[in-house]
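[1] Show me the folded form of this:
(2 chains)
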There are 2 protein chains.
Amino acid sequence: MLVEDVDFRHAWTSPELLGQKALAVSLSDIAAMGGTPQWAMVSIGVTQGRWDSDFLPRFYEGWHKMAAFFGVELVGGDVSRSPDRTVIDSIVGGVVSKGKAIMRSGAEPGDQIFVTGQLGGAAGGLMLLETGISYASADVMKRRLITRLIRPEPRVEIGHKLVSGGLATAMIDISDGLGSDLLHVCEASGVGAELYAEAIPVDPDLAALSLSKATPMGMALGGGEDFELLFTVAKEKVSHLQGIGAARIGEITEKIGTIEVIDENGSRFSPPKGYRHF
Amino acid sequence: MLVEDVDFRHAWTSPELLGQKALAVSLSDIAAMGGTPQWAMVSIGVTQGRWDSDFLPRFYEGWHKMAAFFGVELVGGDVSRSPDRTVIDSIVGGVVSKGKAIMRSGAEPGDQIFVTGQLGGAAGGLMLLETGISYASADVMKRRLITRLIRPEPRVEIGHKLVSGGLATAMIDISDGLGSDLLHVCEASGVGAELYAEAIPVDPDLAALSLSKATPMGMALGGGEDFELLFTVAKEKVSHLQGIGAARIGEITEKIGTIEVIDENGSRFSPPKGYRHF
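    Residues are numbered from 1 along each chain as shown, chains lettered A, B, ... in the order given. You can find the predicted model right below:
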């Protein structure tokens, strides 16, 4: 469920991109189980002003564009009026071969931890928008950060490959932040984790923000909305990951519910708690 | 999708009844196709104040009570914060034997029109609440009217019987009002309809409102949210309806998109347009 002023602001995106994102965040949940998305429902409540504008056709145009790309059929939903704010509820159904779905609960000590793509970019984009920098006024690096936030790309194909190859023992998509979402996996699996700081793929575009040295790593660990996949692989299967773009960032341990990040000096620290304003 | 101050008010119901109604309105859609409900999702956005109160556990208690009654399993959904107003999106999935679902589009000229239960009660309940009469301060008849609004009963079993017996040619649930919902059937089927005023089951509790003589009929024809089933039956199958509590209220005609109500003097009038504030 996406609520205006909690999960998004109209001033920061377009109706088309909002439609795309509403679907993308649910597709990401399907991707995180290795599923193939099939059908979707979207319910939306809008103010009278937006009802009378071209908002809804543009929203659905963006939604359908992404649905067509992923072969998803709209099978239901609702359009309502809402007094003050836009609210969107998005649901996607998908399929996976019986017994093959990748759960959060399958990680075991010794499993290697992987993540797709780069992390912290969406948090960087949010920081830019919150400080009044618009997409239009941003340079190319900053635009890429804002794009990470307003136009997430669900990793459906990678999730599918991991299921086909029987490669992942546990998986989740990064919506709250690497630290929080890894904790969800660890709690569901009854394990802990160690992460290697230098291996975490911090989004290089964060360099555009002129932040203090430690901040990009904090955004990669604590920033939400990147919608990359975080998964664990048994050691003996790591060599089968060739061709799947993912970085090895750590290892599952026996310390139940404990996540430690090890920096280049060997010091250990706890990741920041994830957040989810956006 | 139910939006506070558009589709309901907290002051007029309880968290438990709101949870029940959120599910009931979707169950009613399944009933209207003759389906058997199986799974459901509910997403809810609430203000910080309700988040911090006992609202959510009470809402879900009501929801689950109704779900258990109908054998529905909660398979997904979301809980979010919303700045000002509660918003609820409810989805139910159901099954029906292949080719047996009852659509809006199957009515043919000569088919007889039936409706379950009594009509106009929910509109009467809304009128009471809007004039400041609370459930607590109401007498027994007025309480029943308010109950019709805040605690609708989806007609799942009747829908199911109609499918099993292959009895209905078209069906819809009355959410917008008898006139509007019958028009939906007529438009989808490419037909028209005649209704017999004296056969329409006007809720007898509307007598408690001391309204002018014509008003209860107007509420039965135009009031929404009764969630009764409106269906059509081929003439030769009418005798098979025994044991299904439904009143014969009219006949399908060839006058595409035209609905006429015939009163006891033989005069014809158009039903009021349905409304849907609540």
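
[2] what ranges do the helices span in chain A?
    For chain A, applying DSSP state H gives helices covering A:15-31, A:48-51, A:55-70, A:121-130, A:140-150, A:156-164, A:178-189, A:215-222.

[3] send the alpha carbons of the first one over as PDB?
    Extracted as PDB, the C-alpha positions of helix A:15-31 are listed here (Å, rounded to 0.1, in the frame of the first residue of the first chain):
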ATOM      1  CA  PRO A  15       1.600   9.800 -12.700                       C
ATOM      2  CA  GLU A  16       3.100   7.300 -15.200                       C
ATOM      3  CA  LEU A  17       6.100   6.600 -12.900                       C
ATOM      4  CA  LEU A  18       3.800   6.300  -9.900                       C
ATOM      5  CA  GLY A  19       1.800   3.600 -11.800                       C
ATOM      6  CA  GLN A  20       5.000   1.800 -12.700                       C
ATOM      7  CA  LYS A  21       6.300   1.900  -9.100                       C
ATOM      8  CA  ALA A  22       3.000   0.700  -7.700                       C
ATOM      9  CA  LEU A  23       3.300  -2.400  -9.700                       C
ATOM     10  CA  ALA A  24       7.100  -2.700  -9.400                       C
ATOM     11  CA  VAL A  25       7.100  -2.900  -5.600                       C
ATOM     12  CA  SER A  26       4.800  -5.900  -5.800                       C
ATOM     13  CA  LEU A  27       6.600  -7.500  -8.600                       C
ATOM     14  CA  SER A  28       9.700  -7.300  -6.400                       C
ATOM     15  CA  ASP A  29       8.000  -9.400  -3.800                       C
ATOM     16  CA  ILE A  30       7.300 -12.100  -6.400                       C
ATOM     17  CA  ALA A  31      10.900 -11.800  -7.600                       C
END
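
[4] roughly how far apart are A:Glu16 and chain B?
    When distances are taken as Cβ to the nearest Cβ, to the nearest Å, A:Glu16 and chain B turn out to be 21 Å apart. C-betas here are computed from N, CA, C, even on glycine.

[5] Quick check, pLDDT for the nearest residue to that residue once chain neighbours are set aside.
    Take A:Glu16 and drop its neighbours on the chain: the residue closest to it by Cβ to Cβ, 6 or more residues apart in numbering or on different chains is A:Gly62, 3.3 Å away. At A:Gly62, the predicted lDDT confidence score is 97.

[6] wait, A:Gly62 sits on A:Leu18?
    Yes. Taking Cβ atoms under 8 Å as the contact criterion, A:Gly62 and A:Leu18 are neighbours in contact, 6.7 Å apart.

[7] The residue in the stretch 51-200 of chain A that chain B sits nearest to: neighbour count?
    Using Cβ to the nearest Cβ, the single residue of the stretch 51-200 of chain A nearest to chain B is A:Asp89, 3.6 Å away. Here the neighbour count serves as a burial measure; for A:Asp89 (other Cβ atoms under 10 Å in any protein chain shown) it reads 30.

[8] Which residues are in contact with it?
    A:Met1, A:Leu2, A:Val42, A:Ser43, A:Ile44, B:Met1, B:Ser43, B:Asp78, B:Asp89 (Cβ atoms under 8 Å, 6 or more residues apart in numbering or on different chains).

[9] Return the member of the residues you listed nearest to A:Glu236.
    Within the set of these, B:Asp78 lies nearest A:Glu236; the separation is 37.3 Å, counting by Cβ to Cβ.

[10] and the closest one, what is it in contact with?
    Contact criterion Cβ under 8 Å, 6+ apart gives A:Met1, A:Asp89, B:Ser43, B:Ile44 as the residues in contact with B:Asp78.

[11] Among these, which ones are in strands?
    A:Asp89, B:Ser43, B:Ile44 (DSSP state E).

[12] sorry, back to before: among the contacts of B:Asp78, who's most crowded?
    Ranked by neighbour count (other Cβ under 10 Å), those have A:Asp89 at the top, with 30 neighbours.

[13] picking that back up, just list whatever residues bridge to the residue of the stretch 51-200 of chain A closest to chain B.
    For A:Asp89, the beta-bridge assignment (DSSP bridges) gives partners A:Ser43.

[14] Next one: the residue positioned nearest the centre of chain A from A:Arg151, what distance?
    Using Cα atoms, centre = their mean, the residue of chain A that lies closest to the mean C-alpha position is A:Phe227, 1.4 Å off. When Cβ to Cβ, to the nearest Å is applied, the distance between A:Phe227 and A:Arg151 equals 10 Å.

[15] between those two, what contacts are shared?
    Shared contacts of A:Phe227 and A:Arg151, defined by Cβ under 8 Å, 6+ apart, are found at A:Ala24.

[16] Go through the helices of chain A and name the closest to B:Asp84.
    Among these, the nearest to B:Asp84 by Cβ to Cβ is helix A:48-51 (15.5 Å).

[17] A:Ser267: neighbour count?
    Each residue near A:Ser267 was counted by other Cβ under 10 Å, and the total is 10.

[18] contacting residues for it?
    Contacts for A:Ser267 were tallied using Cβ under 8 Å, 6+ apart; there are none.

[19] Mind pulling the model confidence for it?
    Per-residue pLDDT puts A:Ser267 at 94.

[20] Same check on the one 5 residues further on?
    At A:Pro272, the pLDDT value in this model is 81.

[21] what about it, neighbour count?
    Residue crowding around A:Pro272 was assessed by other Cβ under 10 Å; the count is 17.

[22] mind checking how far the residue lying closest to it once chain neighbours are set aside is from chain B?
    Among residues not flanking A:Pro272 along the chain, A:Gly222 sits closest, at 3.6 Å (Cβ to Cβ, 6+ apart). Applying Cβ to the nearest Cβ, the value for A:Gly222 to chain B is 19 Å.

[23] In this structure A:Gly222 contacts A:Pro271, no?
    Yes. Applying Cβ under 8 Å as the test, A:Gly222 and A:Pro271 come out as touching, 6.5 Å apart.

[24] Spit out the residues that contact these two alike.
    Once Cβ under 8 Å, 6+ apart is applied, the residues that A:Gly222 and A:Pro271 both contact turn out to be A:Gly177, A:Leu178, A:Gly179.

[25] which residues does the nearest residue to A:Asp84 once chain neighbours are set aside contact?
    Nearest in space to A:Asp84, with sequence neighbours left out and distances taken as Cβ to Cβ, 6+ apart, is B:Asp84 at 5.7 Å. By Cβ under 8 Å, 6+ apart, the contact set of B:Asp84 is A:Pro83, A:Asp84, A:Arg85, B:Thr47.

[26] Local confidence estimate at the second one?
    In other words, A:Asp84. A:Asp84 is assigned a predicted lDDT (pLDDT) of 92.

[27] any idea how far it is from A:Ile244?
    As defined by Cβ to Cβ, A:Asp84 lies at a distance of 44 Å from A:Ile244.

[28] still on that earlier bit, how many residues are close by the residue nearest to A:Pro272?
    Neighbour count for A:Gly222, taken as other Cβ under 10 Å: 20.

[29] so how far is A:Leu145 from it?
    Taking Cβ to Cβ as the criterion, A:Gly222 is separated from A:Leu145 by 16 Å.

[30] Flag the shaky bits of chain A, pLDDT-wise.
    For chain A, residues meeting the criterion pLDDT under 70 lie at A:273-278.
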